[in-house]
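J.: I'd like to go over a predicted model; first the sequence, then the structure.
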Amino acid sequence: MSEVWSVWFLIGAALVFWMQAGFAMVEAGFTRAKNTGNIIMKNLMDFCIGTVVFIVIGFSLLMGEDLFGFIGKPGFDLFTAYEGFDFSGFVFNLVFCATTATIVSGAMAERTKFLSYCIYSGVISALIYPIEAHWIWGGGWLAQIGFHDFAGSCAIHMVGGISALIGAKILGPRIGKFTKDASGKVTKVNAFPGHSIALGALGVFILWLGWYGFNGAAATSVAQLGSIFLTTTVAPAVATVVCMIFTWLKYGKPDVSMCLNASLAGLVAITAPCDVTDCFGAVVIGAVAGLLVVFGVWLLDNVLHIDDPVGAVAVHCMNGIWGTLAVGLFATDAAPGYAIANASGDTLVGLFYGGGFELLGLQLLGFATVAAWTVVTITITFLIIKAVVGLRVSQEEELVGLDATEHGLPSAYAGFAMLPDSIAADGEPEPLGDTPASEAVPVRKVTVSDGTEPKFTKIQIVCKEAKLESLKNAMIGIGITGMTVSHVLGCGIQKGKPEYYRGVALETSLLPKVQVDIVVSKVPVRAVIETAKRVLYTGHIGDGKIFVYDVENVVKVRTGEEGYDALQDVE
């Protein structure tokens, strides 16, 4: 049976490694497309750099022979005593270590130098995480007094979240995130919508799957594993429902990206108590997490004025703290395999289950000391990096995007670029038809019944792409037989129903639109305008614009017809 659990331990490690893909997708989806390649590269190097430094020093500091309850004894058993080495323990602790470093990436996204990122990621994996994790899991002083963090609300998520908070503060906000007055006071928070909610959602589902390994890999019985899976499912589900209801009530619509963050917040919060709480505890922990993540995003934007593009601080720092303290409130000896005890060996349970304040006090002590360690060490790290190589890219590099400036990658979505027209060597458009111009149908001039030349009007409609099909059908319904559709980017200042992204009102910015060009002669211009208004109106910002122009002439290329005849459906 022990071999079965050993195999499950390694499967759990593989699931935690797969979470790197989830973090990459969440961060990429919640940020702008021009930085996607940079984000993928950072999440890749988190693990690769982390592996190198974990081999050299990190693992021994974490799991080596305890020295004074503070650190593990440095050593190179991986090279000198390989036959008896704990291979499984190394891999398992490595993937957890990489998770801590990757949390920081999201809060500092879109404006951090890649070199600087590599340096501080290495420092976190080599020193900051292994030492505090030794206190909790390596036989250090917190483990000895009864502090409990089963899978890392404190050791991983809070540490990563605090590092993210300090890094984002020192780094400063993205250009344009906050509007300031002449005195430097922030007067407005501007939303930067992520370029792909679909990628972000995929990342959340990957992370949720990986979390069953994250929380469950260290289980020692089927009953304990089942209980851990239950709490790991209930808490994020409740957090997401609570967040959906709250944002629906507050902003008028359920916020998609905030609900995705809430799922992760519930997972973070249940990570420490997943093995020692019951279903009721998981429900309450998840409900608080669902509200706390919304509060955290609001707090950073509107009070602290710290720019966190993906909500890493709200998810990992705040809910890491909450999960750590929740052990002292909801731990119950009804959970399978319960084993929390103080230094004297007395069993401890949570405050809400009749255990008094002792366990809660231990959890508060653990939170405070690990937080203090993290604040001091990561601040020193960031300040040294800032002084030596700099933390932030230049303004020009940030505006262009880190894909191009940091990695020489024109676009992470190059396959979606529009191909240029065929151009001849002399720079003139190259004819693509088979019929020589000399054999084309000659141009002829037409007049209407009263002898005057017909009047032509071009109507240009700019609207949301989602409305294109309805607009097209409506135009056909009033006799429009031809139109040209182009994909464009547009912006403007309108007074409509406000839209929100992560609780921040959206400002007008360059957004994908479609431009529909119609030239009419027989169909009344007013009929086209009124039909378009009827189809496109929603009352929201960005319903569109209609422009009307006089047209001097119209020529049909294939037949050579001009004017009125060129607009008729004679094809």
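T.: Cool, the structure landed. What you see is a predicted model, and the numbers here were worked out from it, not measured in a lab.
J.: For V519, which non-adjacent residue is spatially closest?
T.: Closest residue to V519 apart from its sequence neighbours, by CB to CB, 6 or more residues apart in numbering: K458 at 5.0 Å. Where C-beta positions appear, they are placed from N, C-alpha and C, glycine not excepted.
J.: Show the subsequent helix or strand relative to whichever strand or helix holds that neighbour.
T.: Secondary structure from DSSP states H and E places K458 in strand 456-463. Sequence order places helix 468-477 as the next helix or strand after strand 456-463, per DSSP H and E.
J.: list the buried ones in that next one?
T.: L471, A474, M475 (16 or more other CB atoms under 10 Å).
J.: Stretch 3-16 too?
T.: W8, F9, G12, A13, L15, V16.
J.: And the strands in the chain?
T.: With strands called from DSSP state E, the chain shows them at 66-67, 71-72, 178-180, 186-189, 456-463, 484-490, 500-501, 504-505, 511-520, 545-551.
J.: What ranges in the stretch 51-200 of the chain fall below the confidence cut-off?
T.: Applying pLDDT under 70 to the stretch 51-200 of the chain flags no residue at all.
J.: ok so, going back, correct me, but the residue nearest to V519 touches N553?
T.: No - applying CB atoms under 8 Å, one finds K458 not in contact with N553, separated by 11.4 Å.
J.: Of the two, which one has the most company?
T.: Shown here are K458 and N553; by other CB atoms under 10 Å, K458 has more neighbours (15 against 12).
J.: for the nearest residue to F330 once chain neighbours are set aside, what are its contacts?
T.: Leaving out its chain neighbours, the residue that sits closest to F330 by CB to CB, 6+ apart is G281, at 3.3 Å. G281 makes contacts with T231, P273, A326, L329, F330, T332, G350, F352, as judged by CB atoms under 8 Å, 6 or more residues apart in numbering.
J.: hmm, try it at 7 Å
T.: P273, F330, T332 (CB atoms under 7 Å, 6 or more residues apart in numbering).
J.: that older thread, how about a markdown table for the buried residues of stretch 3-16, with pLDDT added?
T.: Output for the buried residues of stretch 3-16, formatted as a markdown table (pLDDT from 0 to 100):
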| residue | pLDDT |
| --- | --- |
| W8 | 94 |
| F9 | 93 |
| G12 | 96 |
| A13 | 95 |
| L15 | 97 |
| V16 | 96 |
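J.: With respect to P254, which of those residues is nearest?
T.: When the buried residues of stretch 3-16 are ranked by distance to P254 (CB to CB), L15 comes first, at 29.2 Å.
J.: Would you mind measuring from the residue nearest to the closest one when sequence neighbours are not counted to F9?
T.: Once flanking residues are discounted, L15 sits nearest to G213: 2.7 Å by CB to CB, 6+ apart. Look at G213 and F9: by CB to CB, to the nearest Å, they are 9 Å apart.
J.: Could you do T179 as well?
T.: 51 Å.
J.: so R174 touches D307, yeah?
T.: Yes - at 5.4 Å, R174 and D307 qualify as touching, with contact defined as CB atoms under 7 Å.
J.: And the two? Which one has more around it.
T.: Neighbours per residue (other CB under 10 Å) separate R174 from D307, with D307 holding more: 25 against 19.
J.: dump the residue contacts of L329.
T.: G350, L351, F352, L360.
J.: of all the residues you listed, which comes closest to P524?
T.: Proximity of the contacts of L329 to P524 (CB to CB) peaks at F352, which lies at 72.6 Å.
J.: V389: which of the strands of the chain is closest?
T.: Among the strands of the chain, if distance is taken as CB to CB, the winner is strand 178-180, at 26.0 Å.
J.: Among the buried residues of stretch 3-16, which are located in helices?
T.: Judged by DSSP state H, the subset of the buried residues of stretch 3-16 located in helices is W8, F9, G12, A13, L15, V16.
J.: Against M41, how distant is the nearest residue to E406 once chain neighbours are set aside?
T.: Distances taken as CB to CB, 6+ apart place F114 nearest to E406, at 4.7 Å, with adjacent residues excluded. Distance from F114 to M41, counting by CB to CB: 7 Å.
J.: Which one's more surrounded, the two?
T.: M41 (19 against 16).
J.: who are the neighbours in contact with that one?
T.: F114, H407.
J.: Roughly how far does it sit from N35?
T.: Counting by CB to CB, the gap from M41 to N35 is 10 Å.
J.: One more: A414?
T.: Counting by CB to CB, the gap from A414 to N35 is 15 Å.
J.: which one of these two has more residues nearby?
T.: Using other CB under 10 Å as the criterion, A414 and N35 rank with N35 on top: 26 against 10.
J.: how many neighbours does C48 have?
T.: 11.
J.: roughly how far apart are it and K42?
T.: In terms of CB to CB, C48 sits 11 Å off from K42.
J.: can you count the residues close to V268?
T.: V268 - counted by other CB under 10 Å - has 34 other residues nearby.
J.: Let me see the contact set for it.
T.: Contacts of V268 by CB under 7 Å, 6+ apart are S153, H157, V315, H316, N319, G320, G323.
J.: Next: M483.
T.: M475, V516, D517, I518.
J.: for V16, same thing?
T.: V16 is in contact with V95, F96, T99, G210, G213, F214, counting by CB under 7 Å, 6+ apart.
J.: Likewise for G22?
T.: G22 is in contact with G203, I206, L207, G210, counting by CB under 7 Å, 6+ apart.
J.: Need the pLDDT of L409.
T.: Per-residue pLDDT puts L409 at 92.
J.: what ranges of the stretch 201-350 of the chain fall below the confidence cut-off?
T.: If you take pLDDT under 70 as the line, the stretch 201-350 of the chain has no such spans.
J.: Helices of that one, start to end?
T.: 222-251, 256-271, 279-299, 312, 319-330 (DSSP state H, counting those that start in this stretch).
J.: returning to that earlier point: nearest to T240 among the buried residues of stretch 3-16?
T.: Set against T240, the nearest of the buried residues of stretch 3-16 by CB to CB is L15 (20.6 Å).
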